[in-house]
Structures are given as structure tokens and as C-alpha cells.
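Trainee: Fold the stuff below for me.
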Amino acid sequence: MDSMVNFTPGPSQLYFTVADHLKKGFKDGIPSLSHRSKQFESIFARTTNGLRELLDIPSDYSIVFTGSATEIWERIIQNLVEEKSHHFVNGAFSKRFFEIAQQLNKKSTKTEVPAGSSFADSISIPEGTELIALTHNETSTGVSLSLPFIHSFKENNQECLVAVDAVSSLPYPSFDFTKIDSVFFSIQKGFGLPAGLGVWIFNRRCLDKANQLLAKGISIGSFHTLPLLHANAQKNQTPETPNVLAIYLLGKVVSDFLVRGATTMRQETQYKAALLYKALEDHTAIKPFVADKHNRSKTVIVAETGDRTEELTSFLQTRGFFPGEGYGSSKKNQLRFANFPAHSKEQFESLVDALSTFK
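Mentor: Down below sits the predicted model:
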């Protein structure tokens, strides 16, 4: 086991091949590579083609790069909403998506439930809604929305676009892209890379919506509008000088994931999650924060640690395990454990063994 294992939900543990890819990238001059060069176009194509294969993204969906997933929140509202979006809020990050819509002067609405909870199976969407915004995995609370729940909105609200924040869940979930219009993530969580790159996946309906807004004279932003990102992506380019090194590294790690196999990674994620949840359920001093097993995230596991949070943190750190703090108001009474491909089964087994000795 490594001397230190970073279980923070992001930035999280680096995938074990990243250091070697980084060395090779520097040797080959990737950090100073022109983004208008044929070599960069090759890197862009290799990375997007790898993502398409790994995540089973249809050929008619575009893949573009931004500075972060936070940026994509804003770009989605600017490019896909003229007046109304509806947001499902069950934690700090889904709430921030909603707040960005408000800050951009949209008439946005929300369905909100308490932290640690999920939503009713059937929810009516307000009339006139253009975009339904869903957070698949709420990083602050460890609640995950079921794929059937996410996929249900397209059939029942065919005029709406459906956008999914999958920042702390991909590459684990297997989305049905026929039932969603846009998905996005950043690379410092499930892809085990340094922070600094967002990935935005969208279909033709999204592009058409952005062009419709433009035709009405509505501002949809400047250098990172959907039409401009799409037009550049068609040439394996970006509108601006991007994080070339991050795109290169993402392509390399995606290739590593493909060798490992998406099915294998998903099975290992489920095994590790089951192992840790069982340890928390059996413990006398700590427990899972999310009570309903059906709503528990497989990729961000939140432990209710109460007044023993600081003691447990120190106990784990002395053994080489560095958990993430609870988020916001839960900082002093919860710990969060990331469960990404960078975390091995052996590391989780050792973590569980350590927890069993904490009394």
C-alpha cells in the first residue's frame, strides 16, 4: 500500500500511471505545444475518441474542454436557457448550480430536499421549463440519483433539455445518452488527474438551442459559447489556448482505463463501496450518513462521525489514510471517502481493517 492514500473527493488520489505519463509529456515538450499544431489535434482526437469508447458516447454527441466543471454550470445556463431552468437540489453543489442560474437572471425553479435525502419517483416539472438540471452524485452529502430516475425525465418532458452533473461519479455510471442531452465532469475526481480541466458532452439539441438564442440576439457568452466550442472541436481544436497538458494526460489515463475495462472498474467500485458501507454499519462509533441504501453513492461515501471526527481523522492519518472533511456545516461531524478508480481494492481493505480497530 502507498504511504499516503488520499480519500478526499477532489482533488483526489492520482491514478498510479499519471507520474509516468507526466514525465513522458515533459520529455516530449507537451506543456509548450502549440494548440494550433497537428500534434495537438492528434492529442485532442485521441482523448475524445477514448472518452467516446470508455463512456459509450454516441457519435453525434460533441465532446469539448473547458477550464472546470464550475465553468460548465455557467455555460449551460448561458447557452441552453432563455428564461427557465428547473433544478433538483439535495446538497451544496446542486444548490450552486441553481444559484448560478439565478445570478444569470433566469427565472429558475427548484425541487429541494434535505441533505442526505433523494427525491420522489414522480415529480412534475413546471410549465415553460427549458432545461432540467440534475446532479447525479451530490459530492457534499454522498447521495446518488438512480439512473432510472435520471432517464425518466426525457420521456415525460420531451420539450426540455436534460443536463446531468456527473462530476464526482464518472466514469462509474453507464448513462443512456438517448435519454439525456448533456453530461459534464472535471478530471480531478474519478479520472485521477490534477485539477484544471472540465469536459462537456452535448448533443445536437443543445447546439440548436444555443443557435436559437443567438438568432434572437441573446448573449450566450463570449469565447466559450457552445457553437464556437463545437466548431473548433470539429477540427480537433479549441477556441482559446487550453490546458494542453491536462488534455494529454486525460487521453493517457482514459487509454489506461480502457485496458483495465469499464466493466471491471465498475465491479471494483461496487465491491469497495459495499466493503466500506458494511464497516460503517457495523461500527459502534460511526455510521453511514445516508440512511437509505438505495440513495447511497458508490463513489463518495459519507460517514457520520459526530464528536469523534477530529480523533478519527488523526487516527487514520497516522496510518496513511487521508479522508476528506465533511462539507460546509458538516465539517466537524462528518468525513467523506472518495471511491475512484485510483483507489485500489487493497487500499480499501486496509482502510476497513484500520476502522475496525478504532474504538
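Trainee: my hunch is that residue 185 is in a strand, does that hold up?
Mentor: Yes: assessed by DSSP: H, G, I helix; E, B strand; the rest coil, residue 185 belongs to a strand.
Trainee: For the stretch 1-150 of the chain, just list every one of the helices.
Mentor: 18-27, 38-55, 69-80, 92-103, 147-156 (DSSP state H, counting those that start in this stretch).
Trainee: What is the helix or strand bottoming out on mean pLDDT in the chain packed up against?
Mentor: Among the helices and strands of the chain, helix 147-156 carries the lowest confidence by mean pLDDT, DSSP states H and E, at a mean of 95. Contacts defined by 3 or more Cβ pairs under 8 Å, 6 or more residues apart in numbering; DSSP states H and E place helix 147-156 against strand 131-135, strand 161-165. The way it works is simple: take the backbone N, C-alpha and C, and place the C-beta from them, glycine included.
Trainee: Would you list the strands that the last one pairs with, along with their directions?
Mentor: The strands that strand 161-165 pairs with in its sheet are strand 131-135 (parallel), strand 182-186 (parallel) (by DSSP bridges).
Trainee: Any chance of CSV for the ones you listed, columns distance to residue 213, mean neighbour count and mean pLDDT?
Mentor: Shown next, in CSV, are the strands paired with strand 161-165 (distance: least, Cβ to Cβ, whole Å; neighbours: other Cβ atoms under 10 Å; pLDDT from 0 to 100):
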stretch, distance to residue 213, mean neighbour count, mean pLDDT
strand 131-135, 12, 25, 98
strand 182-186, 15, 26, 98
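Trainee: is it possible to export the helices of the stretch 1-150 of the chain to CSV including mean neighbour count and distance to residue 353?
Mentor: Formatted as CSV, the helices of the stretch 1-150 of the chain follow (neighbours: other Cβ atoms under 10 Å; distance: least, Cβ to Cβ, whole Å):
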stretch, mean neighbour count, distance to residue 353
helix 18-27, 14, 27
helix 38-55, 18, 32
helix 69-80, 23, 34
helix 92-103, 20, 31
helix 147-156, 16, 32
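Trainee: mean pLDDT for the ones you listed: which is lowest?
Mentor: Confidence, taken as mean pLDDT, is least for helix 147-156 of those (a mean of 95).
Trainee: my read: residue 204 touches residue 59, true?
Mentor: No: with contact defined as Cβ atoms under 8 Å, residue 204 does not reach residue 59; the gap is 11.4 Å.
Trainee: And these two? Which one has more around it.
Mentor: More crowded of residue 204 and residue 59, by other Cβ atoms under 10 Å: residue 204, with 12 against 5.
Trainee: mind pulling up the phi and psi values for the nearest residue to the more buried one once chain neighbours are set aside?
Mentor: Of all residues not flanking residue 204 in the chain, residue 60 sits nearest, at 6.2 Å (Cβ to Cβ, 6 or more residues apart in numbering). With angles defined as degrees, to the nearest 10, residue 60 sits at phi -90, psi 10.
Trainee: How about residue 223?
Mentor: According to degrees, to the nearest 10, residue 223 has phi -80, psi -20.
Trainee: neighbours around it, how many?
Mentor: Neighbours of residue 223 under the rule other Cβ under 10 Å: 9.
Trainee: just to revisit the earlier point, closest one to residue 304 among the helices and strands packed on helix 147-156?
Mentor: Distance to residue 304, taken as Cβ to Cβ, is lowest for strand 131-135 among the helices and strands packed on helix 147-156, at 21.0 Å.
Trainee: From the chain's centroid, how far away is the closest one?
Mentor: 14 Å (Cα atoms, centre = their mean, to the nearest Å).
Trainee: what's the angle between it and helix 147-156?
Mentor: Computed by axes from the mean of the first three to the mean of the last three Cα atoms, to 10 degrees, the angle separating strand 131-135 from helix 147-156 equals 180 degrees.
Trainee: what comes into contact with strand 131-135?
Mentor: 76-77, 80-81, 84-88, 90-91, 93-94, 97-98, 101, 125, 145, 150, 153, 157, 160-165 (Cβ atoms under 8 Å, 6 or more residues apart in numbering).
Trainee: Same question for stretch 22-33.
Mentor: 39, 40, 43, 244, 245, 248, 249, 252.
Trainee: residues in contact with residue 139?
Mentor: So residue 139 contacts 9, 10, 91, 92, 93, 167, 168, 189, 300, 327, 336 (Cβ under 8 Å, 6+ apart).
Trainee: from these, which is closest to residue 50?
Mentor: For those, the nearest to residue 50 is residue 189 (17.7 Å; Cβ to Cβ).
Trainee: Please tell me how far the closest residue to the closest one other than its chain neighbours sits from residue 139.
Mentor: Leaving aside its chain neighbours, residue 189 sits nearest to residue 10 (4.0 Å; criterion: Cβ to Cβ, 6+ apart). Distance from residue 10 to residue 139, counting by Cβ to Cβ, to the nearest Å: 7 Å.
Trainee: now residue 234
Mentor: Distance from residue 234 to residue 139, by Cβ to Cβ: 32 Å.
Trainee: before we move on, what about residue 58?
Mentor: From residue 58 across to residue 139, the span is 27 Å (Cβ to Cβ).
Trainee: Take the strands paired with strand 161-165 and lay them out in CSV including distance to residue 271.
Mentor: Output for the strands paired with strand 161-165, formatted as CSV (distance: least, Cβ to Cβ, whole Å):
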stretch, distance to residue 271
strand 131-135, 25
strand 182-186, 22
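Trainee: Among the ones you listed, single out whichever gets nearest to residue 257.
Mentor: Of all these, strand 182-186 sits nearest to residue 257, with 13.4 Å by Cβ to Cβ.
Trainee: Run the chain-centre distance for that closest one.
Mentor: Strand 182-186 has its C-alpha centroid displaced from the chain centroid by 6 Å (Cα atoms, centre = their mean).
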